[in-house]
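[1] Compute the structure for the input listed below.
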Amino acid sequence: VSSERYVDPAWADGERGRVFGQAWLAVCPVHRVARPGQWAVVDELGHALIVARGKDGVVRAFPNACRHRGTRLTDADGCGKSLKCPYHGWRFGLDGSLEHVPDEEGMGRWRKDRAGLKNVRCEERMGFVWVTFAEDAPPLADTLDGIDDELAPYRLDEMVPIAGMDRVFDVACNWKALLEISVESYHLASVHPYTVAPFVDDAPLHRTVRGDHQRLVVEVADGRFRGPLDRLTSRGGPYSPEQMRALHRYLIFPNLILNVLPCHVTLYQVWPGETPDRCRLRYAFMGRRGAKGLEWLRARASAVASRLVLQEDMPAVRRFQSGARLGPRTTHAFHAEEAALARYHAVLDRWMADAQAT
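    As a prediction, this is how the structure comes out:
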C-alpha cells in the first residue's frame, strides 16, 4: 500500500465518509448502560451521541443536542429519569420523547410529539452497543457474519474494566498504524524483546473470518501449568479446547480489536483524529464481573503486562508516522507475518471503492 494513506487529508476524509459513515461501529460497552436509567456520552468522528437505556430496558442512541436550539444536553455519563437541557430547560425521556417544555404556549403552532430526540440506528450485541449512520446499512448480525456466535462462550456482557484500566489516549499517528501494530507479530522481536517475544514461540495463526473481519490465534506461554490454571480461572463457556488454550484476537472492521481469553478481554478501539497524523485509542482491560481469588489475581497481573506492552508500542507507531510524514512517498510491502494487514487494506480498498462508485 502507499504511504499516502497515512498522511493524505483527502484519503482521511474518504475514510470518514465511505467507511466510518457507512459501517456498524461499537461505540459503548454495555456495562456503561447496564441498568435502566443509565446513559453514556460518546464523542467521536465529529458526532456527539447519547447512548441510553430506557425504563423499558431498551438501549437507544440519540444526537447529544436539544431539539430546541441544539444545545449539548450532557457532558458525562449519568443515571436518572430524563435528560434536561441546561439552556432552556426542555426535558427528554430516555426513550427520546419530549416530556416537558417550559411555557409551552410560547412555541405557537408547533407539534410537541414531533420534537423528540432523533434516533440513530442502534443495536445491542456481543457486549457492546453498536450504531451506524447509514440508513441503508444491512442488519448488524449480517455484517458480523457469525463472529457473535464464536464469541458467545466468553459472555462479553459480563466483562467490566479493571480499576484504572479504561483509558483514552491521544496518539501522534494515523489510526491505521496503531490498529496494525496490534495484529501483526513481525515487530515482536524488535519492540517487545523481553515482554512478549519470549512467550510466543510461533507466529499467530491467521484465520480469516467470513466477511470483512479476521481472527488470529496466539499461543501464549504454553506449558503444563496452563491447564490447571485455565480450569480454575475460566468461567463462562462452554469453551473449545483451543479457546481454553490460546488467546483469540479479533479484528472487527473497521476499528475494533478484541483479545479474548475466558478470564479476561483486552479492548483496543482506534478512532481517526482531526488530522491524518492523530488518533484516539480507547483501551480497556476487562475481567469478569464477580471474579475472586486466583481468577481476580490472574486478570490483574495480565492487565499490568498488557499496559507495559502498550507503552512499548507507542514509540514505534510515532516513529512510523514521522517517517511516513517526512520521508519520501513509498509503497509499503507486507511480510508474511503481516498477512492480517494485507487483508485489512484489501477490505479497506473495497469499502473506499464501493462507496465512491455509489
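[2] Strands along the stretch 1-150 of the chain, start to end?
    For the stretch 1-150 of the chain, the strands defined by DSSP state E, counting those that start in this stretch occupy 25-29, 38-44, 47-53, 59-63, 78-79, 82-84, 91-93, 98-100, 121-125, 128-132.
[3] Show me what the fourth one packs onto, helices and strands only.
    Counting contacts by 3 or more C-beta pairs under 8 Å, 6 or more residues apart in numbering; DSSP states H and E, the secondary-structure elements packed against strand 59-63 are strand 47-53, strand 121-125, strand 128-132. Backbone N, C-alpha and C define where each C-beta goes, glycine included.
[4] 7 Å instead?
    The elements that strand 59-63 packs onto, with contact taken as 3 or more C-beta pairs under 7 Å, 6 or more residues apart in numbering; DSSP states H and E, are strand 47-53, strand 121-125.
[5] Q321: which of those strands is closest?
    Closest approach to Q321 among the helices and strands packed on strand 59-63 (C-beta to C-beta): strand 47-53, 24.6 Å.
[6] Direction included, what does the closest one pair up with?
    strand 38-44 (antiparallel), strand 59-63 (antiparallel) (DSSP bridges).
[7] As TSV, the helices and strands packed on strand 59-63 with mean pLDDT would be great.
    Putting the helices and strands packed on strand 59-63 into TSV (pLDDT from 0 to 100) gives the following:
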stretch	mean pLDDT
strand 47-53	97
strand 121-125	97
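[8] Low-confidence stretches in this structure?
    Applying pLDDT under 70 to the chain picks out residues 201, 221-225, 355-358.
[9] where along it do the helices fall?
    Under the criterion DSSP state H, helices of the chain are mapped to 9-14, 140-144, 147-151, 175-181, 188-191, 226-233, 241-245, 293-326, 339-357.
[10] Mean neighbour count, these: which tops it?
    helix 175-181 (a mean of 24; mean count of other C-beta atoms under 10 Å).
[11] hang on, the earlier thing: make TSV out of the helices of the chain and add distance to V120.
    Listed next are the helices of the chain as TSV, based on distance: least, C-beta to C-beta, whole Å:
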stretch	distance to V120
helix 9-14	21
helix 140-144	13
helix 147-151	21
helix 175-181	22
helix 188-191	38
helix 226-233	38
helix 241-245	34
helix 293-326	31
helix 339-357	19
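[12] Nearest to P276, out of the ones you listed?
    For P276, the closest of the helices of the chain is helix 9-14, at 4.4 Å, according to C-beta to C-beta.
[13] Rebuild the helices and strands packed on strand 59-63 as JSON lines, extending it with mean neighbour count and distance to S182.
    Listed next are these as JSON lines, based on neighbours: other C-beta atoms under 10 Å; distance: least, C-beta to C-beta, whole Å:
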{"stretch": "strand 47-53", "mean neighbour count": "23", "distance to S182": "24"}
{"stretch": "strand 121-125", "mean neighbour count": "18", "distance to S182": "22"}
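[14] quick one: which of the ones you listed is nearest G273?
    Closest of the helices and strands packed on strand 59-63 to G273 is strand 47-53, at 14.2 Å (criterion: C-beta to C-beta).
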